[in-house]
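Trainee: sharing a model prediction with you, sequence too.
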Amino acid sequence: MVKLDDLDRRILKILVENARTPYTSIAREIGYSDVAIIKRIKKLEKEGVIKKYTVIVDHVKLGYNKVSFTGINVEPDALLRVIDILKNKDYVKFLAVTSGDHQLIAVIWARDNEELIKIHKEIESIPGVSKTYPAILLDIVKEYSL
């Protein structure tokens, strides 16, 4: 575990809001020099606290009107094979192994209900998958914050 102080947390909060915030703007907002901010950010990157800089897209504006958080039950001896298949599917945007009710959780994007149904049927047809449990996203209340 990496030890973070208040300055680190303040920097991270700004970067989570907008990863493109210039160092000078962060420095001005926090009241430190831009050199101090650059050093802190480089340290956070080196320690793996900041894993990467990315873009959060609006799935609806890209034509994906249905999002499903899908629990996937998998036979234990097929888990690795199913993971290899699913992680290469374009419609799977997030995939995790869990210890909860389902062995896998996937976030799936589809253009409409018909496509989402087709995707879930395709997943259930993968050898070793016993059942899918989709939960359809209705509204986002909170998104990516510290």
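Mentor: Alright, I've got the coordinates. Numbering: from 1, shown residues only.

Trainee: enumerate every residue touching Gly100.
Mentor: Gly71 (CB atoms under 8 Å, 6 or more residues apart in numbering). Backbone N, C-alpha and C define where each C-beta goes, glycine included.

Trainee: go on, Tyr144?
Mentor: Counting by CB under 8 Å, 6+ apart, Tyr144 makes contact with 16, 56.

Trainee: what helix or strand does it sit in?
Mentor: Using DSSP states H and E, no element contains Tyr144; it sits outside every helix and strand.

Trainee: could you measure from it over to Leu12?
Mentor: Counting by CB to CB, to the nearest Å, the gap between Tyr144 and Leu12 amounts to 12 Å.

Trainee: please name the nearest non-neighbouring residue to the most far-flung residue of the chain relative to its centre.
Mentor: What lies farthest from the middle of the chain is Ser33; by CA atoms, centre = their mean that is 32.1 Å. Once its chain neighbours are removed from consideration, Ser33 has its nearest residue in Ala27; the separation is 5.9 Å (CB to CB, 6 or more residues apart in numbering).

Trainee: need the pLDDT of the one you found.
Mentor: Residue-level confidence at Ala27 comes out at 97, pLDDT.

Trainee: and the one 10 residues further on, by the same measure?
Mentor: Here, the pLDDT recorded for Ile37 equals 97.

Trainee: domain parsing for the chain?
Mentor: Under automatic domain parsing, the residue ranges defining each domain of the chain are 6-46, 66-136.

Trainee: so what's the gap between the longest one and the chain middle?
Mentor: This points to domain 66-136. Between the centre of domain 66-136 and the centre of its chain there are 15 Å (CA atoms, centre = their mean, to the nearest Å).

Trainee: same check, this time on stretch 57-77
Mentor: Centre-to-centre, stretch 57-77 and its host chain are 11 Å apart (CA atoms, centre = their mean).

Trainee: can you check the distance spanned by that stretch, start to finish?
Mentor: 36 Å (CA to CA, to the nearest Å).

Trainee: in this structure, what spans have low per-residue confidence?
Mentor: Low-confidence segments of the chain, defined by pLDDT under 70, are absent; every residue clears the threshold.

Trainee: name the nearest residue to the most centrally placed residue in the chain, sequence neighbours excluded.
Mentor: Residue closest to the mean C-alpha point of the chain, counted by CA atoms, centre = their mean, is Phe94 at 5.9 Å. Counting by CB to CB, 6+ apart, Phe94 lies nearest to Val107, which is 3.9 Å off, once chain neighbours are set aside.

Trainee: kind regards, and thank you for your time.
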